[in-house]
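1. fold the following for me, if possible:
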Amino acid sequence: MEIYEGILNGIEGVRFSRKVGKHAEAIIRALCKVEPQNRLGYQRGGVGDIRKQRWFQGFDWKGLQNQMLDSPFDPEVRNPFDARHFCGEVEEIDESEKDDMSYLASERFHWDETF
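-> Now for the predicted structure:
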């Protein structure tokens, strides 16, 4: 019943954690309005209205467009099954998964080329 009531209250009924800054909260609320025509980005200014939000203040949109931004986090990844940087415990790779790893690393398997 709580979930149902939460859905009926919409974004206005959501209480954000103190960890969420006021500018982040404002943009989330503006993007999650119940009526699509009231959502940020739907009005006359379109995507430009989103880019102008204070949460994005100082963001290098040209750098993003030109693919010139450095990643804020560049983790070391040892193999395709390396999940050390995710929450929770990471299990060791068993022998059957090692076969999968060699297959993924082979030259004939390029699943990511279409992205």
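
2. low pLDDT regions in the chain?
-> 87-115 (pLDDT under 70).

3. and the helices in it?
-> 2-9, 22-31, 47-51, 61-65, 95-105 (DSSP state H).

4. give me the nearest residue to residue 29, chain neighbours excluded.
-> In space, and not counting its chain neighbours, residue 29 is closest to residue 11: 5.3 Å by Cβ to Cβ, 6 or more residues apart in numbering. C-beta: built from backbone N, CA, C; applies to glycine.

5. from what I can see the one you found touches residue 32, true?
-> Yes. Between residue 11 and residue 32 there is a contact at 4.1 Å, judged by Cβ atoms under 8 Å.

6. what number of residues lie near the residue nearest to residue 29?
-> 14 (other Cβ atoms under 10 Å).

7. contacts only, for it.
-> 28-29, 32-34 (Cβ atoms under 8 Å, 6 or more residues apart in numbering).

8. between the residues you listed, which is closest to residue 57?
-> Checking these against residue 57 with Cβ to Cβ, the nearest one is residue 28 at 15.9 Å.

9. quick one, what contacts the closest one?
-> 11, 16, 20.

10. now swap in residue 75 and tell me
-> Residue 75 sits in contact with 84-85, where contact means Cβ under 8 Å, 6+ apart.
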